[in-house]
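>>> fold the stuff below for me.
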Amino acid sequence: MNKTIAMIAATAVVTLGAARAAPLPEANPDDVGFSKQGLARLDSFFAREIAAKRVPGAVVAIARDGKLVHYKAYGMLDPAKSTPMPIDAIFALASMTKPMAAVAGLTLMEQGRLPLQARLSDYYPGFADMKVGVPQADGSLKLEPQASPIFIHDLYRHTSGLMYGGRPDSSSPLARQYPDGVAPAIEGDTQAFIDRITKLPLAHQPSTEFEYGFSIDVLGAVVEKVSEQKLGDYLAANVWQPLGMKDATFHPTDAQRPRLARPFTNDPLTGKPQAIKLLDTPTKFDCGGACSFATVGDYIRFGQMLLNGGELDGQRILGPKTVHHMTANHLGPEIKNKVANVEPHRGGFGFGLSVAVRTSEGLSSVPGNPGEFTWNGAYGTQFFCDPKERLVVVVGTAAPGELRKYYREQVQDIVYGAMTK
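Below you'll find the predicted structure:
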């Protein structure tokens, strides 16, 4: 077993080579407060996991002070074909799409075109007529009018009352009426999605409870309405291209498809079939909540831009005060905070404008500092930024089962354990 692990560590770790330029300047770990031996624990960790056939492979990027201290690929891109994982593998980002869609919305806010206190019904009138579903003792639903309207602010912070269907973290009987996260984008266009979602009851009164769901998908539809562009086209012009995020897209091209990271056909924990549907099923609209793709190198540039206060390499995407507002906690004491229901290690976190925000020391099961902002994707991707430590970490795996949550915790533990100052 030890020999197998050593062999995988030697052959499955692909450092940056001729395939791609580094997404950020590189630095010696010792020069920016990291231990090389500590970072080598990532190599050992993924070697063990790959040898045990728990994950096909991974790409990990770590930057401190704007410089890469770790940028490696491990294992396999496609386990069915035994294709080695390239450093420029493209991952289905799932909910890591959300922070990018939010940045699109915030650029419009800065232009005076999309204020947080605008009513959602100003853009899509059907939301004004949605009723709130209140479960009754006999299992029925009582439909009540909205006590206050849904604001654009509610979309960013998941307090709109919209939800996802089929999520294990939801105890609501309303979940049976809602589709899963990518179903609307596969089945119809933006207007079909809006028509479908506005016929459903809200899970809560607007502005009262954090409920993870379709809020950012709706925000993406609002961005389309305001900008008069598809969300992907707006992001390409205003975020992706300025930042040099070369592979970020909602619709992988034929040239990109061979670099898509694929999961095992069966969940290693349960043995049940698993798949990432979007790898082979095109979407009919650019869903801002779940449907984009990018490389780890692309996303670390996005994260570094946010950590820098909205600018990277002379390209300003947002003003620093806007980024500060985005990464502050927007769940006041009057709002029920259920962030830790979605991510079990999110104790001590609130939620900002599309990112979870650490609000206190302790409580969380992973190290970090107040002010950390972060989110993850259901297919196995992760990013977090710690402003106090000037740290950005992005991880890509194709692990759509519950194991993805294990990798999120383990990687964060190893990264902080490798810091020497």
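>>> contacts and neighbour counts: CA atoms only from here.
OK.
>>> count of neighbours near residue 112?
9 (other CA atoms under 10 Å).
>>> how about the one 5 residues further on?
Summarising burial for residue 117: neighbours were counted as other CA under 10 Å, giving 11.
>>> that's a strand at it, yeah?
No: in this structure, residue 117 is coil, not part of a strand, as judged by DSSP: H, G, I helix; E, B strand; the rest coil.
>>> surely it is in contact with residue 151?
Yes: using CA atoms under 8 Å, residue 117 is in contact with residue 151, at 5.6 Å.
>>> which neighbours do the two have in common?
Counting by CA atoms under 8 Å, 6 or more residues apart in numbering, residue 117 and residue 151 have no common neighbour.
>>> where does the chain dip in pLDDT?
Applying pLDDT under 70 to the chain picks out residues 1-20, 167-171.
>>> recalculate using a threshold of 50.
For the chain, the stretches flagged by pLDDT under 50 are 1, 3-19.
>>> quick check: longest strand of the protein.
Assignment by DSSP state E gives strand 67-78 as the longest strand of the chain.
>>> give the burial count for residue 113, as a bare number.
15.
>>> geometric centre of this protein: which residue is closest?
Residue closest to the average C-alpha location in the chain (CA atoms, centre = their mean): residue 96, at 1.7 Å.
>>> settle this for me: that residue is touching residue 384, isn't it.
No: using CA under 8 Å, residue 96 makes no contact with residue 384, being 10.7 Å away.
>>> joint contacts of the two?
By CA under 8 Å, 6+ apart, the residues touching both residue 96 and residue 384 are residue 375.
>>> quick one, helices of the stretch 201-350 of the chain?
Secondary structure of the stretch 201-350 of the chain (DSSP state H, counting those that start in this stretch): helices at 215-227, 231-235, 241-243, 296-307, 320-326, 339-342.
>>> for the second one, packing partners?
Right, helix 231-235. On a contact count with 3 or more CA pairs under 8 Å, 6 or more residues apart in numbering; DSSP states H and E, helix 231-235 meets helix 97-110, helix 215-227.
>>> just to revisit the earlier point, need the winner for burial among the helices of the stretch 201-350 of the chain.
Highest mean neighbour count of the helices of the stretch 201-350 of the chain: helix 296-307, a mean of 26 (counted as mean count of other CA atoms under 10 Å).
>>> residues contacting that helix, please?
22-24, 59-61, 63, 66, 88-91, 243-248, 311-312, 317, 323, 383-387, 390-396.
>>> just how off-centre is that helix within its chain?
Relative to the chain's own centre, helix 296-307 is displaced by 12 Å; criterion: CA atoms, centre = their mean, to the nearest Å.
>>> wait, residue 148 touches residue 206, no?
Yes: at 6.5 Å, residue 148 counts as touching residue 206 under the criterion of CA under 8 Å.
>>> which one's more surrounded, the two?
Each of residue 148 and residue 206 has its neighbours counted (other CA under 10 Å); residue 206 has more, 23 against 11.
>>> circling back: to residue 363, which of the helices and strands packed on helix 231-235 lies closest?
Nearest to residue 363 among the helices and strands packed on helix 231-235 is helix 97-110; the distance by CA to CA comes to 24.1 Å.
>>> report the angle between that closest one and helix 215-227.
Counting by axes from the mean of the first three to the mean of the last three CA atoms, to 10 degrees, helix 97-110 lies at 40 degrees to helix 215-227.
>>> quick one: contacts of helix 97-110?
Contact partners of helix 97-110, identified using CA under 8 Å, 6+ apart, comprise 114-116, 156, 216, 219-220, 223, 231, 234-235, 238-239, 288-293, 317-318, 322, 353-355, 375.
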